[in-house]
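In: here's my sequence, what's the structure:
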Amino acid sequence: MRFLLGALLGLVLGALATLPLLPRHPCPDPLSADTLCLQHPVDVEDVAVQERLSRELASLAERGIGASREELLAGASGHVTVERLPAPTDESLDLPELYARCAPSVYLLGGRYLCPNCERWHVRIATAFAVTDDGLLVTNHHVLETDYELLGASSLDGRVYSVVGAEGGDPEADLAVVRIEAATEPLPLKSGSPVGAPVAVISHPRQRAYTLTEGILSRRYARARDGRPALSITAEYAVGSSGAPVLDETGAVVGVAAVTQALYADEEERRLQMVVKECVPVEALIALLDATQGPP
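Out: Model prediction:
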């Protein structure tokens, strides 16, 4: 009996050994480093996104395509005239619907720079979102102020575009409007979102591309440093999220993620109590855009 059981076990194990292993990734083929794999719901391979963006930016730089840092900064001031802004709707979306609808309008901004420590080229990440259908993207002005050779924008489907210019901005409000040569899906803008309203952010914190977080609009206030209007939210974001859209339940932009402020119980011991997420109110962006037809 033991012999028979052992023989049967051996046959079973032998048969199992000949079966192909189930892939750990939903793709039918192994994922290479230069492939961005997207399913629905979306699966993002962060290493692939980074390497593809880095490679495409290097190619654009070699061909001399794209605006320099100096050119972008020179153009990132003053009002922007646009022909049409999409009007917001009253349709509330659950979070999966909101993500599916809004993520294609969000871009991963990459600034290619030469590292002074290792003397290799790296990519610094930020976020932007489309406000028109012809390639106008909004981000923070401080994103353009960082050190980089060339700025590019990667879409949800992995296509990389050079940022060819800046068409306006407000450095004091920390807003900049840049252009890519592509058809884009704009997000609507909606003013007047109240404290307590639910919000969501789609951004790229620490290279974690297309991360969705949720929270509420927790405060509207005047900034202590200059008195300009600001709002804070409880939805999480981090380095790499600068320029991300803060969205209400309908998928309309109510603010732009800008900076975080750590609050400590004791500055010397660095006992963290809270992180404030300061955002630019959408009202500042609406004031920046001269549109013949805009949100009500």
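
In: now for V138, how many residues are close by?
Out: 30 (other C-beta atoms under 10 Å). All C-beta atoms are positioned from the backbone trio N, CA, C, and that covers glycine.

In: wait, I meant D90
Out: 7.

In: looking at it, it is touching E249, isn't it?
Out: No: taking C-beta atoms under 8 Å as the definition, D90 is not a contact partner of E249, at 9.7 Å.

In: for I202, see how far away C102 is.
Out: C102 sits 6 Å away from I202, going by C-beta to C-beta, to the nearest Å.

In: not counting its neighbours along the chain, what's nearest R223?
Out: Of all residues not flanking R223 in the chain, A230 sits nearest, at 4.9 Å (C-beta to C-beta, 6 or more residues apart in numbering).

In: one more: E278?
Out: Once flanking residues are discounted, E278 sits nearest to V259: 5.0 Å by C-beta to C-beta, 6+ apart.

In: now stretch 200-218: mean pLDDT?
Out: Here stretch 200-218 scores 96 as its mean pLDDT.

In: please spell out which residues along that stretch are buried.
Out: Within stretch 200-218, the residues that count as buried by 16 or more other C-beta atoms under 10 Å are 200-205, 207, 209-213, 215, 217-218.

In: on that earlier part again, which neighbours do C102 and I202 have in common?
Out: When contacts are counted by C-beta atoms under 8 Å, 6 or more residues apart in numbering, C102 and I202 have P245, L247 as shared neighbours.

In: for the stretch 151-296 of the chain, what spans make up the helices?
Out: 282-288 (DSSP state H, counting those that start in this stretch).

In: please apply the same query to the stretch 1-150 of the chain.
Out: 2-18, 46-62, 69-75, 95-102, 141-145.

In: on that earlier part again, burial check on the residue nearest to R223, number of neighbours?
Out: For A230, using other C-beta under 10 Å, the count is 24.

In: quick one: the strands in the stretch 51-200 of the chain, in order.
Out: Here the stretch 51-200 of the chain has its strands, by DSSP state E, counting those that start in this stretch, at 80-82, 106-114, 121-130, 136-139, 150-154, 160-170, 175-180, 198-203.

In: no further queries at this time; thank you.
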